[in-house]
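Undergrad: Give me a model of this one.
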Amino acid sequence: MTQSGQEPPDSGRGIPDESGNSGASSELRTTGRRRRKRRSGSGAKGSPVTQNGVAAASFEGKGQNPTLAVSGSISTSHDNQARPSTDGEDSASTQKRRRKRRRGRAKSQTEQASGTHQQQHALNPHSSSQPQPGAEGVTSPKGKKAARRRGRKRWQARNNQGVEQQAVSGNRASNVTSQNVSGPTEESLKPQSRQRSEAKSDNWATSATGEFQNPKRPQGYRPKAPHGQNSSPLYAALDLGTNNCRLLIARPEERGFRVVDAYSRIVRLGEGVDSQKRLSDAAMDRAIEALANCHRKLSDRGVARSRLIATEACRAAENGSEFIDRVKTETGLALEVVNRETEARLAVAGCASLVDHEADGVILFDIGGGSSEIVWLDLRNRCGARGYALTRFIRSWISLPVGVVNLAERHGGVHVTPDIFEAMVEDAADHLAAFNLANNLTEAIASGRVHMLGTSGTVTTLAGVHLGLKRYDRRRVDGTWLDDSDVSRMIDELRDMPYEARMENPCIGADRADLVLAGCAILEAIRRRWTCPRLRVADRGLREGILTELMAADGVWARRRSRSRFDRGRQGNRA
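TA: This is a model prediction of the structure:
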């Protein structure tokens with residue numbers, strides 16, 4: 001029975017007693033007598049308690065057990081709580097009622113549930129309405145609901161704190177429950193002693209070293225992976241070239257992989273190698289600083305498998321092996337110096353997804369800092385092969401010992417006149433004469449179903465200038481098609497552009513302003529030797545090839561395909 005704060009009218013509300021007789025007259029007399037006693041302050045101890053002015057119990061005779069007059073539902077937690085009167089009560093009566101309310105609240109913790117009390121009273125109407133001493137404490141349904149809600153809030157707060165603790169690297173806070181997660185919650189408003197006791201009992205388990213371990217979960221609990229994440233391991237590929245140091249961290253997916261983190265810095269490791277045949281101290285210091293950053297990223301990400309390669313600069317330098325040992329000592333990274341054939345194969349593996357499905361052949365070139373690789377893919381009998389499988393169709397390849405760094409050092413890259421540009425083109429063209437099966441490639445190009453595929457900073461720069469980008473955007477550049485006339489126009493535009501204008505161009509910048517024309521000269525030598533109607537730009541290369549080979553060797557895509565076929569079979573069986 002709830003309290004409304006208003007007394008109902010005394011007339012017209014006869015409450016039947018247990019015997020079925022109307023108790024209206026008895027109720028009026030009892031209510032009036034009780035009011036007079038409250039006004040005088042001499043109410044008898046143990047007088048019946050009223051709710052909303054209606055008698056809760058009436059006595060049928062002296063010396064008999066009280067008989068409850070039931071009206072609606074009875075809540076035993078309020079049996080001993082007298083409603084405060086507003087009709088001129090004195091201080092003594094007020095204090096007396098306060099003491100009775102306190103005793104009633106203490107006793108309510110040991111009373112039985114209201115439903116159980118009503119059933120027992122219905123079976124034995126002459127028994128006492130008070131619960132037996134020592135009965136197990138109960139709570140009303142509304143209190144139980146509130147307790148469950150508080151429990152859920154506490155569990156959510158501890159769970160959120162556990163996720164934050166796992167995400168933070170380094171030292172963790174010793175008192176996890178003292179943190180407020182997303183504002184002041186009910187958990188944060190508890191006394192610290194209670195927080196510590198709850199955290200010690202059911203929040204976190206600690207190891208012998210004092211570090212936090214995973215939080216304890218209920219039996220059968222299966223946490224859901226965050227959106228966009230899965231349990232696949234991370235792979236990493238590092239390419240230390242003559243000009244750049246690049247790192248790529250990715251996670252395999254159903255078709256390909258998703259890049260998790262990337263790093264790129266121009267270090268110019270091969271600076272001076274063409275003339276001195278040695279790596280300079282300044283160049284090695286720049287490279288080691290960049291490699292140290294890569295090592296931190298690998299450690300923070302928890303990479304499972306990786307391959308770290310070094311290319312032409314370390315191959316051509318006399319102190320290349322000494323540099324590799326120094327990198328191992330100072331950064332902990334073990335670099336692998338790959339040969340030119342491996343470099344060409346990795347370039348194909350990284351760019352194979354951009355090959356036209358209808359093409360009969362592809363001339364793939366990678367213009368690097370110290371060397372340039374050219375690969376002929378003969379796809380006339382590929383039988384629908386795509387992606388990484390195209391590496392089986394390498395017909396021939398060549399590695400030119402010229403790149404943007406050593407070619408610019410020999411001819412100059414700051415102020416390039418048309419004569420200097422032609423000299424660089426002839427320097428690169430002299431090395432193309434040694435390319436095997438050149439005549440067969442020319443015959444294949446005559447069919448009209450062969451296109452070029454370029455992967456280097458040179459072709460990405462040309463594509464960015466062609467698209468008129470105010471800021472370089474890989475998503476727009478990667479996969480862009482350029483006609484042969486567009487390539488010629490872009491090369492002429494860059495050749496006529498002064499050095500200061502090249503520096504200010506957002507797609508070139510100060511780091512490439514003195515190297516871009518050397519790359520254009522190598523590209524022009526390739527185009528003059530083999531003319532193709534179309535060129536596709538690839539902002540990818542060795543790193544993507546390394547990741548593709550690592551994941552293919554581990555069979556991650558084979559397992560996913562077999563699992564998807566198994567799932568489709570199960571769905572068909574269900575149907």
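
Undergrad: SS state for the nearest residue to residue 388 once chain neighbours are set aside?
TA: Spatial nearest neighbour of residue 388, excluding adjacent residues (CB to CB, 6 or more residues apart in numbering): residue 548 at 5.3 Å. Where you see a C-beta, it was placed from the backbone N, CA and C, and this is true even at glycine. Three-state call for residue 548 (DSSP: H, G, I helix; E, B strand; the rest coil): helix.

Undergrad: Report pLDDT for residue 548.
TA: Note on residue 548: pLDDT of 93.

Undergrad: What is the neighbour count of it?
TA: 26 (other CB atoms under 10 Å).

Undergrad: And for the one 3 residues further on?
TA: For residue 551, the count of nearby residues is 22 (other CB under 10 Å).

Undergrad: pLDDT below threshold where in the stretch 101-250 of the chain?
TA: 105-139, 162-231 (pLDDT under 70).

Undergrad: can you pull the pLDDT of residue 438?
TA: 71.

Undergrad: How is the protein divided into domains?
TA: 24-128, 233-338, 343-540 (automatic domain parsing).

Undergrad: need those in CSV with mean neighbour count and distance to residue 148, can you?
TA: Shown next, in CSV, are these (neighbours: other CB atoms under 10 Å; distance: least, CB to CB, whole Å):
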stretch, mean neighbour count, distance to residue 148
domain 24-128, 14, 16
domain 233-338, 18, 38
domain 343-540, 19, 49
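
Undergrad: Rebuild those domains as TSV, extending it with distance to residue 157.
TA: Shown next, in TSV, are the domains of the chain (distance: least, CB to CB, whole Å):
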stretch	distance to residue 157
domain 24-128	27
domain 233-338	27
domain 343-540	40
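
Undergrad: Identify whichever of those domains lies nearest to residue 151.
TA: Checking the domains of the chain against residue 151 by CB to CB gives domain 24-128 as the closest, at 18.7 Å.

Undergrad: Where does pLDDT dip in the stretch 451-575 of the chain?
TA: 559-575.

Undergrad: Going along the chain, name the strands of it.
TA: Applying DSSP state E, counting those that start in this stretch to the stretch 451-575 of the chain gives strands spanning 481-483, 534-537.

Undergrad: can I get those in TSV with distance to residue 368?
TA: Shown next, in TSV, are the strands of the stretch 451-575 of the chain (distance: least, CB to CB, whole Å):
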stretch	distance to residue 368
strand 481-483	20
strand 534-537	16
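
Undergrad: For residue 264, which of these is the nearest?
TA: Comparing these by CB to CB, strand 534-537 comes nearest, at 17.3 Å.

Undergrad: Surely residue 252 is in contact with residue 260?
TA: No - contact criterion CB atoms under 8 Å: residue 252 and residue 260 do not qualify, at 10.9 Å.

Undergrad: that older thread, out of the strands of the stretch 451-575 of the chain, the one nearest residue 356 is which?
TA: strand 534-537 (7.4 Å).

Undergrad: Among the domains of the chain, which comes closest to residue 144?
TA: Closest among the domains of the chain, once you apply CB to CB, is domain 24-128, at 9.8 Å.

Undergrad: mind listing the helices for the stretch 201-350 of the chain?
TA: With helices called from DSSP state H, counting those that start in this stretch, the stretch 201-350 of the chain shows them at 273-276, 281-301, 312-316, 320-331, 340-351.

Undergrad: Out of the ones you listed, flag the one nearest residue 515.
TA: The nearest among those, by CB to CB, is helix 273-276 at 13.5 Å.

Undergrad: Output the contacting helices and strands for the closest one.
TA: If contacts are counted by 3 or more CB pairs under 8 Å, 6 or more residues apart in numbering; DSSP states H and E, helix 273-276 sits against helix 312-316, helix 404-411.

Undergrad: Distance to residue 512 added to these, as JSON lines?
TA: Putting the helices and strands packed on helix 273-276 into JSON lines (distance: least, CB to CB, whole Å) gives the following:
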{"stretch": "helix 312-316", "distance to residue 512": "17"}
{"stretch": "helix 404-411", "distance to residue 512": "8"}
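
Undergrad: Put together TSV for those helices, with mean pLDDT on each row.
TA: Formatted as TSV, those follow (pLDDT from 0 to 100):
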stretch	mean pLDDT
helix 312-316	93
helix 404-411	93
